[in-house]
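Novice: For reference, the sequence and a predicted model appear below.
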Amino acid sequence: QVQLQESGPGLVKPSETLSLTCAVSGDSISSDYYWGWIRQPPGKGLEWIATIYHSGKTYYNPSLKSRVTISVDTSKNQFSLKLSSVTAADTAVYSCARQMPRGLWAFDYWGQGTLVTVSS
Amino acid sequence: QSALTQPPSASGSPGQSVTISCTGTSSDVGGYNSVSWYQQYPGKAPKLMIYEVSKRPSGVPDRFSGSKSGNTASLTVSGLQAEDEADYYCSSYAGSNNLNVVFGGGTKLTVL
């Protein structure tokens, strides 16, 4: 059974950088799948942030691209997200997920999500 | 404002069928078969219910079905059950030469 677990600070100050890590078990991060981050502001809908392949190939939401970095650590079977210059609008539940390859692009396994609040 | 348009709410009585629409453009829903649907209970992670417009992952009841016509995708839940009450989100591939994924704003399904 594939499992994903997010970790990182639950509180980040405005203008600072949000950093999260997703530990993957039950599958190799070097498999054929892609790995992504999605966020959901309280009471609102889902927003795709970024996706990475184990080769290091990255894909970013155009609206967030200037502030986002996604990376992968195959030795630890995990991948990470950094979002810089955060504001209150970045307060959300951040989830990591496994993403289907070969043009399907659906997220088939999700982490439980972690709430990140941006506040001083 | 979400890239894909869904009705904020939908409802039906137990045993009935309900259809949730997801409208995009020729650059996303209408241009690709990479449409997926997710079910989300309050405080829980989304669960994949439909991918590639109409395919169900293992374990998803066949009461859930998906379809697409032009720029609009649809999720139909047949034989409604109380446990189907949840939020439902559609998603589509939206990139031409680069990966881009867009979601709908979500639909709250109420079982009356």
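Specialist: Arrived safely.
Novice: Name the residues of chain A found near chain B, please.
Specialist: Proximity of chain A to chain B (Cβ under 8 Å from any Cβ of the partner chain) is limited to residues A:36, A:45-48, A:51, A:59, A:61-62, A:95, A:100, A:103-108, A:110-113. Where you see a C-beta, it was placed from the backbone N, CA and C, and this is true even at glycine.
Novice: Out of the residues you listed, which sit inside strands?
Specialist: Those of those mapping onto strands are A:36, A:47-48, A:51, A:59, A:95, A:107-108, A:110, per DSSP state E.
Novice: Have a look at these and tell me the least confident one.
Specialist: Scanning those for pLDDT, the low point is A:Tyr59. It has 93.
Novice: count of neighbours near that one?
Specialist: A:Tyr59 has 20 neighbours, counted by other Cβ atoms under 10 Å in any protein chain shown.
Novice: can you pull the pLDDT of B:Ser13?
Specialist: Confidence at B:Ser13, expressed as pLDDT, is 97.
Novice: B:Gln1 now?
Specialist: 64.
Novice: got the buried residues for the lengthiest strand in chain B?
Specialist: In chain B, taking DSSP E as the definition, the longest strand is strand B:86-93. Using 16 or more other Cβ atoms under 10 Å in any protein chain shown as the test for burial, strand B:86-93 gives B:86-93.
Novice: who touches the closest residue to B:Asn71 other than its chain neighbours in this structure?
Specialist: Nearest residue to B:Asn71 in three dimensions, chain neighbours excluded: B:Gly30, at 3.8 Å (Cβ to Cβ, 6 or more residues apart in numbering or on different chains). Residues near B:Gly30 by Cβ atoms under 8 Å, 6 or more residues apart in numbering or on different chains: B:24, B:70-71.
Novice: In space, what's closest to B:Val60 - neighbours in sequence excluded?
Specialist: In space, B:Val60 is closest to B:Met49, 5.4 Å off (Cβ to Cβ, 6+ apart).
Novice: Just confirm the one you found is within a strand.
Specialist: Yes: under DSSP: H, G, I helix; E, B strand; the rest coil, B:Met49 falls within a strand.
Novice: my read: it touches B:Tyr38, true?
Specialist: Yes: between B:Met49 and B:Tyr38 there is a contact at 6.3 Å, judged by Cβ atoms under 8 Å.
Novice: Distance check, the spatially most central residue of chain A against B:Thr72.
Specialist: Taking Cα atoms, centre = their mean, the centroid of chain A lies closest to A:Trp37, which sits 2.6 Å from it. From A:Trp37 across to B:Thr72, the span is 28 Å (Cβ to Cβ, to the nearest Å).
Novice: again, but for A:Lys76
Specialist: 42 Å.
Novice: quick one: low-confidence parts of chain A?
Specialist: Scanning chain A for pLDDT under 70 picks out no residues.
Novice: got the residues of chain B near chain A?
Specialist: Residues of chain B lying close to chain A by Cβ under 8 Å from any Cβ are B:2, B:32-34, B:36, B:38, B:44-48, B:51-52, B:57, B:89, B:91, B:93, B:95, B:98-106.
Novice: that older thread, and the helix or strand that comes right after the longest strand of chain B, which strands flank it?
Specialist: As assigned by DSSP states H and E, the chain's next helix or strand after strand B:86-93 is strand B:101-103. Sheet pairing of strand B:101-103 (DSSP bridges) gives strand B:86-93 (antiparallel).
Novice: shared neighbours of B:Met49 and B:Tyr38, anything?
Specialist: B:Tyr88.
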